[in-house]
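Novice: Here is a sequence together with a model predicted from it:
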Amino acid sequence: MKKNLILLLTFLCANICIANSQLIDVAKRELEQAQREYSDALKKHNTLISEKQKQYNVVCAEIEKAKDLLLQLKRGAEAVSNLKDSRLFYKNLCSELSLELERISSKSIQPSTSSGEIYALMKSEMQNSFCQLSLATFPVTAFDVKTKERLQGKAFSVGGFKYFVSTEKSGFLSSANIVYGSKYAEEINSFIDGKSNTIPVDLSFGKLEKSERNATTFLEKVEKGGIWIYPILLLGVLSILVTVLKCIQLVVVSTKKSMANFNQEFLNTINDEMSVKQKEDLAFNFVCRKQVQLKCWIEVLSISAAVSPLLGLLGTVSGIIKTFAELSVASSKTNEISDGIAEALITTEYGLIVAIPALIANALLSRKIKKIVENLHISLFECVSSKK
C-alpha cells in the first residue's frame, strides 16, 4: 500500500514537473514574441521620429523662407511708400504744370516773347514747386559713427538712400542706424528745409567713409602706440643708421685699392729680420684688429633684433592691462577700450617691423665682414710667404 502511494506521489510530481516545464516554455515563447513586438514597435517609433524630424526641418525651412519673404515684403512696402511719395509729387507737379500751361495759353503772347523766356519761366516754377515739396519723415534713434553716442532725430528716404536730421548732427543713415558723412550736414538740412533742390548721395553706402575713417597716419599710430613705441622707434632709427654706415664702410673696404692699402700697412710693420712665426703672428693680430674695426657697432643690429620684439610684447601686455582696467569700470567708453587694444597691437607690429629687417641686416653684414676678413687673411699670408 505504501509503495503504491509512493508511486502515485512520484507520478504526480513527474506530471507537475512536466506541466511546469511546459508552462516555462510557453512563457519563454510569449516573452520572445513580446520582445519581437517591442523591437518592431521601437523601429516603427524611430521611423516615425525620423519622419517627424524631416517634417520639422521642412517646416523650419519654410519658416526661414517666410521670414525672407516677410523681409522682402517690408522692403517692398518701403519702396511702395517712396513710390507713393514720388507719385504724389509728380501728380501735383503735373497739375501745376497743366494750370501753368492753361494760364500761359490764356494770355496773349506778344511776338517779342521768346521761347527761351517761356522755358525759363517754366523751369523757375518747377524749381519752386520742388523746393516746396514736403518729405515724409519719421523719428529714429541713431548712433554717431565716431563717438557711438545716441542721437535722437528724424530720418527720411530719397530713392534708396536714407538720411538723418537732428539739431546735434545730420548726415547719411546706414541700415544699422549709424550716422556718418556729417560734412554734408548743411546740404542735407537745406534740402529738408526746402531751401535747395539738390541732395548729396553716397553710392558706396558707407564703405568709402569707413575706409577713410580707418586710415591712420604714421603719427597717429605712434600716438596710439603708447610709451613703449618710442624705444622701438629709437632702435629702428639706430638700426637704419648703422646699416647704412656699415654698408658704405664694407663697400669701400672690399675694393682692391683698400686691400692693397691693408697689405702695404702690414708690410710696413714687418722686416726681414723677423721669423716666419713672428710674421704670421703679426698678420693674425692685424687681421683681428681689422675684424674688430669692421664689426664695430654691428651689435646694435643684433640688440635691436632681440630687444624690439620684447618691447613690442611689453607694449602688448601694457595695452591688454589697460583694456581690462577699462572693462572693469562700468562707465568705460568704447573708444577708451579701443585705445588699449590699439596700443597692444601697434607696439607688437612696430616691434616686428624693427626686428625683422635688423635681423636680416645683421646676418648679411656679418657674412660680408666674414668674407672680407677671410680675403684679408689670405692676402696677408701670401705676403708673408713671399717675404720668406
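Specialist: It's in.

Novice: Report the separation between Ser81 and Asp202.
Specialist: Distance, Ser81 to Asp202, by Cβ to Cβ, to the nearest Å: 21 Å. Yep, even glycine has a C-beta here, placed from its N, CA and C like the rest.

Novice: ok, now Pro309?
Specialist: Taken as Cβ to Cβ, the span from Pro309 to Asp202 is 42 Å.

Novice: Check Gln35 too.
Specialist: In terms of Cβ to Cβ, Gln35 sits 73 Å off from Asp202.

Novice: Would you mind telling me which of these two has the busier surroundings?
Specialist: Just comparing Gln35 and Asp202: by other Cβ atoms under 10 Å the higher neighbour count belongs to Asp202, 19 against 10.

Novice: Let me know the secondary structure of the closest residue to the more buried one other than its chain neighbours.
Specialist: With Cβ to Cβ, 6 or more residues apart in numbering as the criterion, Asp202 has its nearest non-adjacent residue at 5.0 Å, and that residue is Phe172. Recorded secondary structure, Phe172: strand (DSSP: H, G, I helix; E, B strand; the rest coil).

Novice: what does the model give Phe172 for pLDDT?
Specialist: Looking at Phe172, its pLDDT stands at 80.

Novice: Against Trp297, how distant is it?
Specialist: 55 Å.

Novice: can I assume Gly153 sits in a strand?
Specialist: Yes: using three-state DSSP, the secondary structure at Gly153 is a strand.

Novice: Okay, and the beta partners of it?
Specialist: Assessed by DSSP bridges, Gly153 has beta-bridge partners Val140.

Novice: which residues touch Ser170?
Specialist: By Cβ atoms under 8 Å, 6 or more residues apart in numbering, the contact list for Ser170 reads 153, 163-164, 179, 182, 184-185, 188-189.

Novice: Can you point out the buried residues in stretch 294-304?
Specialist: Within stretch 294-304, the residues scored as buried using 16 or more other Cβ atoms under 10 Å are 294, 298, 300-302, 304.

Novice: Apologies, that question was intended for stretch 186-205.
Specialist: Neighbour-count burial for stretch 186-205 [16+ other Cβ under 10 Å]: 188, 191-192, 196, 199, 202.

Novice: Now, those residues that are in strands?
Specialist: The strands, defined by DSSP state E, take in nothing from those.

Novice: In a markdown table: those residues, plus distance to Val253 and pLDDT.
Specialist: Formatted as a markdown table, these follow (distance: Cβ to Cβ, whole Å; pLDDT from 0 to 100):
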| residue | distance to Val253 | pLDDT |
| --- | --- | --- |
| Ile188 | 68 | 81 |
| Phe191 | 72 | 79 |
| Ile192 | 74 | 77 |
| Ser196 | 72 | 75 |
| Ile199 | 69 | 80 |
| Asp202 | 61 | 76 |
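
Novice: which one among the residues you listed gets closest to Asn20?
Specialist: Closest approach between the buried residues of stretch 186-205 and Asn20, by Cβ to Cβ: Asp202, at 93.9 Å.

Novice: rewinding a little: out of the buried residues of stretch 186-205, which comes closest to Leu9?
Specialist: Asp202 (109.6 Å).

Novice: The closest one contacts Gly181, doesn't it?
Specialist: Yes: with contact defined as Cβ atoms under 8 Å, Asp202 reaches Gly181; the gap is 6.2 Å.

Novice: Distance check, Gln25 against Arg36.
Specialist: Not Gln; residue 25 is Asp. 17 Å.

Novice: actually Gln55, sorry about that
Specialist: For Gln55, the distance to Arg36 - Cβ to Cβ - is 29 Å.

Novice: Wait, Phe205 touches Ala176, no?
Specialist: No: Phe205 is beyond contact range of Ala176, at 11.2 Å (criterion: Cβ under 8 Å).

Novice: what about the helices in the stretch 1-150 of the chain?
Specialist: Using DSSP state H, counting those that start in this stretch, the helices of the stretch 1-150 of the chain run over residues 2-106, 115-131.

Novice: With respect to Phe266, which of the ones you listed lies nearest?
Specialist: Of all the helices of the stretch 1-150 of the chain, helix 2-106 comes closest under Cβ to Cβ, at 87.1 Å.

Novice: for the closest one, the distance to its chain's centre please.
Specialist: 42 Å (Cα atoms, centre = their mean, to the nearest Å).

Novice: In strands only, show me the buried residues of stretch 294-304.
Specialist: Using DSSP E, none of these sit in strands.

Novice: Quick one: those as JSON lines, columns for distance to Ala260 too.
Specialist: Listed next are the buried residues of stretch 294-304 as JSON lines, based on distance: Cβ to Cβ, whole Å:
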{"residue": "Leu294", "distance to Ala260": "17"}
{"residue": "Ile298", "distance to Ala260": "25"}
{"residue": "Val300", "distance to Ala260": "30"}
{"residue": "Leu301", "distance to Ala260": "29"}
{"residue": "Ser302", "distance to Ala260": "32"}
{"residue": "Ser304", "distance to Ala260": "35"}
